[in-house]
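J.: how would this look folded up:
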Amino acid sequence: MANNSYWFPAKRYGWGWGFPGTWQGQVTLLGFLALLVAGIFVFPPQDSYLGFMTYVALLSAMLLGVCYLKGEPPRWRWGDKGRSV
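T.: Prediction:
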């Protein structure tokens, strides 16, 4: 039974989450992208490569945390088993 309160639905194949299914998930993803672009100006990669990569790793960890908390439980998925190819 699908729960429509998940911000990030599971991918049909593989492990992880797909594109956000709610406006909260879309705002989260857009915020992540905006902060990523802002980081290019705050920590210019050509001047502070380690600082920029640390910033990207921190942002990515935060996004993964939100996906884990607000998305469908992660597990390996093999697609729609009831459908014939």
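
J.: helices and strands around the helix or strand of the chain at the bottom of the mean pLDDT ranking, which ones?
T.: Sorting the helices and strands of the chain by mean pLDDT, DSSP states H and E puts strand 77-78 at the bottom, at a mean of 81. Under the contact criterion of 3 or more CB pairs under 8 Å, 6 or more residues apart in numbering; DSSP states H and E, strand 77-78 touches strand 13-14. From N, CA and C alone the C-beta is placed, and that goes for glycine too.

J.: List the pairing partners of the strand it packs on within its sheet, with orientation.
T.: With DSSP bridges as the test, strand 13-14 is paired with strand 77-78 (antiparallel).

J.: what's in contact with the partner strand?
T.: Strand 77-78 is contacted by residues 10, 11, 12, 13, 14, 15 when judged by CB atoms under 8 Å, 6 or more residues apart in numbering.

J.: thought the last one was touching residue 73?
T.: No. Residue 15 is not in contact with residue 73 according to CB atoms under 8 Å; the separation is 11.0 Å.

J.: quick revisit: please check the contacts of strand 77-78 and keep the buried ones.
T.: Among the contacts of strand 77-78, those scoring as buried are 10, 11 (criterion: 16 or more other CB atoms under 10 Å).
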